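Novice: sequence and predicted structure are below.
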Amino acid sequence: MAALATYEFLTLPPDEVTDLGSRTWYVRAQNFVLAFTRLVAGDTLRRDASAQREEYVIVLPHDDTTIDVTAGNESQEVTGRGVVIVPPGDSHLSAHGDADLVRLFDVRTTDLLARCGNASAYAEPHPRVALLEPWPDPPAGHRLRVYRNADFPLERGRFGRIFRSSAFMVNFGDPRNGPRNPDRLSPHHHDDFEQCSLTVAGDYIHHVRTPWTSKRSQWHADEHAAVGSPAVAIIPPPTVHTSQAVGEGDHLLIDIFSPPRADFSAKAGWVLNADEYPAPEHITTA
């Protein structure tokens, strides 16, 4: 059974530094690569068609960020928190001022796998994690798609702000100020998929418990991993886990799954771009 893995980016050497000084850290899970970039104003991040044969996702974690993104003949300026889905082919992006941003590439984008600082952890597939089976492509075809959090106000009874592509589900948690009530945590587990929890504001503790088996040699002590921001935690199945915001100030956590979650997709109104990225036929919405 795999162990919890956490990565606080700014405490680690970057995996890539551009001539202008932009720094990128690459971390992988079984089915995808996460690239966290501290982008310098005037610098450009590019993907070319020969390597980028699948769409990828840009996550903008902060409201004070504005980027320009171009894919093929399409260009958009995007301000504030949200998600941009970039079609296959040539693309590039730059920021108005220094900016933090995240890009998500599924494992079919093979040129990035070796750049990951934890590549050796996935030299062999993790047997408890289901391999990526992409969901349907958008019926209207691939194009540059922008989903700004500000266009989707929070609603009582709806969990965060959830967007999906054919390979990813991105869930912006509800922003909070101050610590989470320790008597209102939400321990849960997943049978066969990893959870990538990206902390972008505030300090957190990831509480993780490994279920016991009949083999004492497989038992593990509970983990209580403290991380700051920006950081990621790769939480393996079937561990029981919950994340607790601690300390004062703003907190924001973004959960990432690949492929998209069937249970969240079955909730009517939860996936905010479900009309553009349909679920497989066996998933019914209620």
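Specialist: The structure has been received and is ready for your questions.

Novice: contacts and neighbour counts: CA atoms only from here.
Specialist: Fine.

Novice: quick one: classify the spatially most central residue of the chain as helix, strand or coil.
Specialist: Centrality entry for the chain: nearest residue to the mean C-alpha point is I256, 3.4 Å, by Cα atoms, centre = their mean. Counting by DSSP: H, G, I helix; E, B strand; the rest coil, the backbone at I256 sits in strand.

Novice: ok, it - contacts?
Specialist: F168, M169, V170, N171, Q195, C196, S197, L198 (Cα atoms under 8 Å, 6 or more residues apart in numbering).

Novice: give me that answer again for 7 Å
Specialist: Applying Cα atoms under 7 Å, 6 or more residues apart in numbering to I256 gives the contacts M169, V170, N171, Q195, C196, S197.

Novice: in TSV: the residues you listed, plus secondary structure and distance to R46.
Specialist: Compiled in TSV, those are given as follows (DSSP: H, G, I helix; E, B strand; the rest coil; distance: Cα to Cα, whole Å):
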residue	secondary structure	distance to R46
M169	strand	23
V170	strand	22
N171	strand	25
Q195	strand	27
C196	strand	24
S197	strand	25
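
Novice: I'd like those written out as JSON lines, with distance to A49 and pLDDT added.
Specialist: Shown next, in JSON lines, are those (distance: Cα to Cα, whole Å; pLDDT from 0 to 100):
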{"residue": "M169", "distance to A49": "23", "pLDDT": "99"}
{"residue": "V170", "distance to A49": "24", "pLDDT": "99"}
{"residue": "N171", "distance to A49": "28", "pLDDT": "98"}
{"residue": "Q195", "distance to A49": "29", "pLDDT": "98"}
{"residue": "C196", "distance to A49": "27", "pLDDT": "99"}
{"residue": "S197", "distance to A49": "29", "pLDDT": "99"}
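
Novice: just give me the closest of the residues you listed to V78.
Specialist: Minimum distance to V78 across the contacts of I256 is 17.4 Å, recorded for V170 (Cα to Cα).

Novice: per-residue confidence at the closest residue in space to the closest one that isn't next to it in sequence?
Specialist: Take V170 and drop its neighbours on the chain: the residue closest to it by Cα to Cα, 6 or more residues apart in numbering is I256, 4.8 Å away. Note on I256: pLDDT of 99.

Novice: now rank the contacts of I256 by neighbours and give me the top one.
Specialist: In terms of neighbours by other Cα atoms under 10 Å, the contacts of I256 top out with V170 at 25 neighbours.

Novice: mind listing what that residue touches?
Specialist: Residues counted as contacts of V170 (Cα under 7 Å, 6+ apart) are I162, F163, R164, I254, D255, I256, F257.

Novice: and it, bridged to which residues?
Specialist: F163, I256 (DSSP bridges).

Novice: the chain should start at 24 in everything you say after this.
Specialist: Understood, numbering begins at 24; the last thing we discussed is V193.

Novice: how much space separates it from P110?
Specialist: V193 sits 17 Å away from P110, going by Cα to Cα, to the nearest Å.

Novice: with R61 instead?
Specialist: Distance from R61 to P110, by Cα to Cα: 23 Å.

Novice: which of the three states applies to the nearest residue to D214 once chain neighbours are set aside?
Specialist: Residue nearest to D214 in three dimensions, not counting chain neighbours: P261, with 5.2 Å by Cα to Cα, 6+ apart. Following three-state DSSP, we place P261 in the coil state.

Novice: surely P261 and P210 touch.
Specialist: No: using Cα atoms under 7 Å as the test, P261 is too far from P210 to be in contact (11.9 Å).
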